[in-house]
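Asks: Have a look at this prediction, sequence included:
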Amino acid sequence: MDTKVDIIESIYDPEVFRQAGHRLVDQLTDYVLAARQGSMPVLPEPNPLALPESYQQPLPLEPAADVTVALHQRLQELIEQGIHLQHPGYIGHQVGAPVPAASLAELVAGVFNQSMAVYEMSPSATHIERQTARWLCKLVGWNKDADGVFTSGGSLGNLTALLVARNHASGGVAWEKGVRGGPPLAILASEQAHYSVARSASILGLGQENVLRVPVDRNFRMDTATMAECYHAAVAQGKKVAAVVASAGTTATGSFDPLREIGRFCRAQGVWFHVDGAHGASVLLSPQYRSLADGIELADSVIWDAHKLLFMPNVVTALLFRQGSHGFEAFSQEASYLFGRHPFPEYDLGLRTVECTRPMQAWKLWLCFQLYGARGLGELVTQKLDLARAFAAKIKAQADFELLTDPMCNILCFRHLPGGAGASTLSLQQLNEHQAKIRKRVLASGKFFLVQTLIGQRLYLRCALMNAQTTEQDLANLLELIRKCGAD
Ligand SMILES: Cc1ncc(COP(=O)(O)O)c(C=O)c1O
């Protein structure tokens, strides 16, 4: 390529885009089919030190000879070195095999490249986001006062909701004056709450010591009687509780806190009630399982990750407020060069999020609602929660397996007990080592990817069923494989 002009023309050549794009979709389709058939290990040997040759090369200085071919090769390497969420044996973290139409929507977002901070940079996408937020608010059970925005992940969603709660508890002065003026602010959350809640407390200047951990019951749900005691003890110590955070459901076990009881308590005390529904708010779309989130409508704020149980590509988090106007209290900040150019501030979504530039995240969810309806997306949720129950029944029927607790959603924790529950002579530590060894061997087999989690002192194997292709038979095969991996 000779001149600067030639290079720029070739970068933007629409026919190359068309050709490479068609080939790319073919390649991705072949990949998805191969992964679904399990014809590759779920995860290649996970060793960050064994860096492939292609990732050790110096910065390329010149254009590739053929962009379409180079794109194909680079994608092939990416696939070969990656973890395969489309493989039915992927049952690990709460990241799903995306709905294909939503993946196409990502491509659209990459071409259309709207920025969600200000209306004029995203007119149609802003309407889409606002409409999607209102749909979700309705599913929560709220009226037309409710409103929300989208943000980049559940952690940022929790942080932003708690920022509003902090400002609310400080009478609106925390943004200007910081949190030093009034009584120390505290947050109540269960021992099982996601770490982003505690992390948010430090970011917000509250400090870890003001994250008051409420114990859980045997089903890993927040113990509400103890919550009330914690609350009154905090108040007696001169603290002001800025928010109670309930999980719907928890990361480790997928447990739903008793939202109605917690919500009623918060109402009675006049304290902010935040529901971390990052994982489980999607049950609201499932007629069979929406009662798990009973009482969610009592919340002041809810976060909802569509990139978890709704199988959207990462990331789509809805941050919803029962009183939509509260969403503006997170950031009482002026940026007059960006905002306020028209008399409808609710259309400048950047007033309500940490991000300034932000992709059109809601679009992919909105599109899937258009294509498959609430019923279609709800079926995805129901299918996985049904499967979790079937798998739990299977585990319980095996003498040499122990289920931690009946699953409320699509997350299960269990252990292998060599020789059966009564016969096992292994110590706590040996049993923990046994689970860790099993996990390592299962991963090395390439047939499944599952994770592990420490509950109290005990190590459990943990799986989140995040793939529409995973079947009961796959999970029966997993138990057999675990037995083999545990034997020696
Ligand atoms: C209950 C819960 N809340 C919040 C988060 C954080 O969400 P994200 O990974 O989108 O930041 C997670 C992630 O697993 C979660 O399980």
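Replies: Received, thanks.
Asks: Quick one: check stretch 171-189 for contact with the ligand.
Replies: No. Using Cβ under 6 Å from any ligand atom, stretch 171-189 stays clear of the ligand, with a minimum separation of 10.6 Å. Heads up, the C-betas are built off the backbone N, CA and C, glycines and all.
Asks: Can you give me the buried ones in that stretch?
Replies: Of the residues in stretch 171-189, 174-175, 179, 184-189 count as buried by neighbour count, 16 or more other Cβ atoms under 10 Å.
Asks: from the residues you listed, which single one is nearest the ligand?
Replies: residue 189 (10.6 Å; Cβ to the nearest ligand atom).
Asks: what about the closest one, which SS state?
Replies: strand (DSSP: H, G, I helix; E, B strand; the rest coil).
Asks: Compile the buried residues of stretch 171-189 into a markdown table and extend it with columns for pLDDT.
Replies: Shown next, in a markdown table, are the buried residues of stretch 171-189 (pLDDT from 0 to 100):
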| residue | pLDDT |
| --- | --- |
| 174 | 88 |
| 175 | 86 |
| 179 | 85 |
| 184 | 94 |
| 185 | 97 |
| 186 | 98 |
| 187 | 98 |
| 188 | 98 |
| 189 | 98 |
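Asks: could these go into TSV alongside distance to residue 478?
Replies: Listed next are the buried residues of stretch 171-189 as TSV, based on distance: Cβ to Cβ, whole Å:
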residue	distance to residue 478
174	49
175	50
179	48
184	48
185	45
186	42
187	38
188	37
189	32
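Asks: Show me where the stretch 251-400 of the chain has its helices.
Replies: Remark: helices assigned in the stretch 251-400 of the chain by DSSP state H, counting those that start in this stretch are 259-269, 361-396.
Asks: Mind telling me which residue of the protein is nearest the ligand?
Replies: residue 154 (2.6 Å).
Asks: Based on its surroundings, how many neighbours for the residue nearest to that residue when sequence neighbours are not counted?
Replies: Sequence neighbours aside, residue 278 is the residue nearest to residue 154 in space, at 3.3 Å (criterion: Cβ to Cβ, 6 or more residues apart in numbering). Residue 278 sits with 29 neighbouring residues when counted by other Cβ atoms under 10 Å.
Asks: so what's residue 278 up against?
Replies: Contact partners of residue 278, counting by Cβ atoms under 8 Å, 6 or more residues apart in numbering, are 154, 157-158, 194, 303-305, 308, 317.
Asks: and the stretch 51-200 of the chain, which residues reach the ligand?
Replies: So the stretch 51-200 of the chain meets the ligand at 94, 153-155, 158, 194, 196 (Cβ under 6 Å from any ligand atom).
Asks: ok, now with 8 Å
Replies: 93-94, 152-158, 193-194, 196-197 (Cβ under 8 Å from any ligand atom).
Asks: Next, give me the two most distant ones among those residues.
Replies: 152 and 193 (20.0 Å; Cβ to Cβ).
Asks: between the two, which one's more packed in?
Replies: With neighbours defined as other Cβ under 10 Å, residue 152 and residue 193 compare such that residue 193 has more, 24 against 17.
Asks: who in the stretch 201-350 of the chain is up against the ligand?
Replies: 247, 249-251, 276-280, 303, 305, 307-308, 314-315, 317.
Asks: Kindly recompute the last result at 6 Å.
Replies: Residues of the stretch 201-350 of the chain lying near the ligand (Cβ under 6 Å from any ligand atom): 247, 251, 276, 278-279, 305, 315, 317.
Asks: Could you rank these by neighbour count and give me the top one?
Replies: Neighbour-wise, these (other Cβ under 10 Å) top out at residue 276, 33 neighbours.
Asks: ok, it - contacts?
Replies: Here residue 276 is in contact with 154, 158, 193-194, 197, 245-248, 303 (Cβ under 8 Å, 6+ apart).
Asks: Kindly report the same for residue 90.
Replies: 42, 83-84, 97, 448-449, 466-467, 470 are the contacts of residue 90 under Cβ under 8 Å, 6+ apart.
Asks: Of those residues - the most surrounded one?
Replies: Going by other Cβ under 10 Å, residue 448 tops these with 27 neighbours.
Asks: How about the backbone phi and psi for that one?
Replies: phi -140, psi 150 (degrees, to the nearest 10).
Asks: Determine how far stretch 63-78 lies from the middle of the whole chain.
Replies: Remark: stretch 63-78 is offset 31 Å from the chain centroid, using Cα atoms, centre = their mean, to the nearest Å.
Asks: Serialize the contacts of residue 278 to a markdown table and add fields for pLDDT.
Replies: Shown next, in a markdown table, are the contacts of residue 278 (pLDDT from 0 to 100):
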| residue | pLDDT |
| --- | --- |
| 154 | 98 |
| 157 | 98 |
| 158 | 98 |
| 194 | 98 |
| 303 | 98 |
| 304 | 99 |
| 305 | 98 |
| 308 | 98 |
| 317 | 98 |
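Asks: ok, so of those residues, who is nearest residue 231?
Replies: Among the contacts of residue 278, and counting by Cβ to Cβ, the member closest to residue 231 is residue 158, at 19.6 Å.
Asks: so how far is residue 468 from the closest one?
Replies: Applying Cβ to Cβ, to the nearest Å, the value for residue 158 to residue 468 is 27 Å.
Asks: neighbour count winner among these two?
Replies: Shown here are residue 158 and residue 468; by other Cβ under 10 Å, residue 158 has more neighbours (29 against 18).
Asks: Quick check: the more buried one touching residue 195?
Replies: No. Judged on Cβ atoms under 8 Å, residue 158 makes no contact with residue 195 at a distance of 9.8 Å.
Asks: chain center to stretch 164-172: distance?
Replies: Taking mean C-alpha positions (Cα atoms, centre = their mean), stretch 164-172 and its chain are 26 Å apart.
Asks: In CSV, list the C-alpha atoms belonging to that stretch.
Replies: Extracted in CSV, the C-alpha atoms of stretch 164-172 (Å, rounded to 0.1, in the frame of the first residue of the first chain):
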residue,chain,number,x,y,z
VAL,A,164,-28.1,7.6,45.7
ALA,A,165,-28.8,5.9,49.1
ARG,A,166,-25.8,7.7,50.6
ASN,A,167,-26.9,11.1,49.3
HIS,A,168,-30.4,10.4,50.5
ALA,A,169,-29.3,9.5,54.0
SER,A,170,-27.1,12.5,54.2
GLY,A,171,-30.0,14.8,53.4
GLY,A,172,-28.4,15.6,50.1
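Asks: chain center to the lowest-mean-pLDDT helix or strand in the chain, what's the gap?
Replies: Across the helices and strands of the chain, mean pLDDT, DSSP states H and E gives its lowest value to helix 174-177, namely a mean of 86. Centre-to-centre, helix 174-177 and its host chain are 30 Å apart (Cα atoms, centre = their mean).
Asks: what sits up against that helix?
Replies: So helix 174-177 is contacted by 166-167, 170, 331-333 (Cβ under 8 Å, 6+ apart).
Asks: From the residues you listed, pick the one nearest residue 488.
Replies: Looking across the contacts of helix 174-177 and measuring by Cβ to Cβ, the closest to residue 488 is residue 166, at 53.3 Å.
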